[in-house]
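Engineer: Mind looking at a prediction? Sequence and model below.
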Protein chains: 2
Amino acid sequence: MCTMCDSLSKRDGHFIEEWPNHVWRLSEDQTWPGWSILVLKKHATEIFELSKEERAAAMEEVSEAARILKQGFGATKMNIELLGNQEPHIHWHLVPRKTDDPAWNKPIWTHPHPPKKLGPRDHDALVTKIRKLLAGSAR
Amino acid sequence: MCTMCDSLSKRDGHFIEEWPNHVWRLSEDQTWPGWSILVLKKHATEIFELSKEERAAAMEEVSEAARILKQGFGATKMNIELLGNQEPHIHWHLVPRKTDDPAWNKPIWTHPHPPKKLGPRDHDALVTKIRKLLAGSAR
């Protein structure tokens, strides 16, 4: 049982959009606003398990999501991380980083903190914001 | 002045190999043996600044390096991270993760530690090991 595979069909409050190769979900921790997770629809553990064509297609989506998030959240830099230590199914953490964020200049993981779960109103506003960014993108 | 651009021409003890799109360097911190950094030869800050073709070509190298490292170091999982918070020039951290490593199950950045700099003998042995892995790969 793979929790990431399970998450693909979830249409809960963290679901943002389904793309050809990924499902875009919002991280439950919004310490860094816009922190998103792109879950690959194919079950694979490592990037080199994909074919060249699958890899290229996946990276186009990762790249486009990063572009949208950076612009939409006024980030100084995007962090893009493929970890999977706990859930070995390819999923990308996309984190908009700003110079005034809690761990600026360092990886977010250096900053111990309780996850920031948004209240319903803020959560809905954030989901709506990202969906509008998506609708307005040139994709 | 970009320190990553500068690093491209360095043929110091951390240089492993030059590929068409990246220079492969060994991280100065070897707390996680094999930790490598692939520095993109083109100066770019974000992955979406590359053309689709550049991105695909770059990802083939990142993927192949991850494959070689996972196999060569007997890793359970590869971590692949594009951060650039301090040095905004695309460079990929490739970290072979093992179940007995200091921060297993978590991102390496959660583990505060002094960087593990190898002595000359161990350092040379590691560089030689990776070069042999490269020579033996199907690339």
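Structural biologist: Good, I have the coordinates. Residues are numbered from 1 along each chain as shown, chains lettered A, B, ... in the order given.
Engineer: Give the next helix or strand downstream of the longest helix belonging to chain A.
Structural biologist: In chain A, with assignment by DSSP state H, the single longest helix is helix A:52-72. Using DSSP states H and E, the helix or strand that directly follows helix A:52-72 along the chain is strand A:77-82.
Engineer: Now do that following strand: everything it contacts.
Structural biologist: A:47, A:62, A:66, A:69-70, A:90-97, A:107-108, B:45-47, B:78-85, B:88, B:107 (CB atoms under 8 Å, 6 or more residues apart in numbering or on different chains). All C-beta atoms are positioned from the backbone trio N, CA, C, and that covers glycine.
Engineer: if we can go back for a sec, in the longest helix of chain A, what's buried?
Structural biologist: Buried residues in helix A:52-72, counted by 16 or more other CB atoms under 10 Å in any protein chain shown: A:55-70, A:72.
Engineer: Among the residues you listed, which ones lie close to chain B?
Structural biologist: Filtering the buried residues of helix A:52-72 for neighbours of chain B using CB under 8 Å from any CB of the partner chain leaves A:55-56, A:59-60, A:62-64, A:66-67, A:70.
Engineer: Let me see the contact set for A:Arg97.
Structural biologist: Residues in contact with A:Arg97 (CB under 8 Å, 6+ apart) are A:32, A:75-79, A:104, A:108, B:85.
Engineer: can you do 6 Å?
Structural biologist: By CB atoms under 6 Å, 6 or more residues apart in numbering or on different chains, the contact list for A:Arg97 reads A:75-77, A:79, B:85.
Engineer: tell me what the longest helix of chain A is packed against?
Structural biologist: Packing contacts for helix A:52-72, counted by 3 or more CB pairs under 6 Å, 6 or more residues apart in numbering or on different chains; DSSP states H and E, involve strand A:77-82, strand A:91-97, helix B:52-72.
Engineer: got the CA coordinates for the worst-scoring helix or strand of chain A on mean pLDDT in PDB?
Structural biologist: Lowest on mean pLDDT, DSSP states H and E among the helices and strands of chain A sits helix A:120-136, with a mean of 95. This file holds the C-alpha atoms of helix A:120-136, laid out as PDB (Å, rounded to 0.1, in the frame of the first residue of the first chain):
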ATOM      1  CA  PRO A 120     -10.400  27.000   6.800                       C
ATOM      2  CA  ARG A 121     -10.700  30.500   5.500                       C
ATOM      3  CA  ASP A 122      -7.000  31.000   4.900                       C
ATOM      4  CA  HIS A 123      -6.700  27.500   3.500                       C
ATOM      5  CA  ASP A 124      -9.500  28.100   1.000                       C
ATOM      6  CA  ALA A 125      -8.000  31.500   0.000                       C
ATOM      7  CA  LEU A 126      -4.600  29.900  -0.700                       C
ATOM      8  CA  VAL A 127      -6.100  27.100  -2.800                       C
ATOM      9  CA  THR A 128      -8.200  29.600  -4.700                       C
ATOM     10  CA  LYS A 129      -5.100  31.700  -5.300                       C
ATOM     11  CA  ILE A 130      -3.100  28.800  -6.700                       C
ATOM     12  CA  ARG A 131      -5.900  27.700  -9.000                       C
ATOM     13  CA  LYS A 132      -6.200  31.300 -10.300                       C
ATOM     14  CA  LEU A 133      -2.500  31.300 -11.000                       C
ATOM     15  CA  LEU A 134      -2.900  28.000 -12.900                       C
ATOM     16  CA  ALA A 135      -5.800  29.300 -14.800                       C
ATOM     17  CA  GLY A 136      -3.900  32.400 -15.800                       C
END
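Engineer: now what about it, what contacts it?
Structural biologist: A:16-17, A:68, A:72.
Engineer: Pick out the most distant pair among those.
Structural biologist: Checked with CB to CB, these reach their widest spread between A:Glu17 and A:Gly72, with 13.4 Å between them.
Engineer: Confirm that A:Lys106 lies within a helix, as I assumed.
Structural biologist: No. Under DSSP: H, G, I helix; E, B strand; the rest coil, A:Lys106 sits outside any helix and is assigned coil.
Engineer: thinking again about what came up before, switch the ones next to chain B among the buried residues of helix A:52-72 over to a markdown table; also include pLDDT.
Structural biologist: Shown next, in a markdown table, are those (pLDDT from 0 to 100):
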| residue | pLDDT |
| --- | --- |
| A:Arg55 | 98 |
| A:Ala56 | 98 |
| A:Met59 | 98 |
| A:Glu60 | 98 |
| A:Val62 | 98 |
| A:Ser63 | 98 |
| A:Glu64 | 98 |
| A:Ala66 | 98 |
| A:Arg67 | 98 |
| A:Lys70 | 98 |
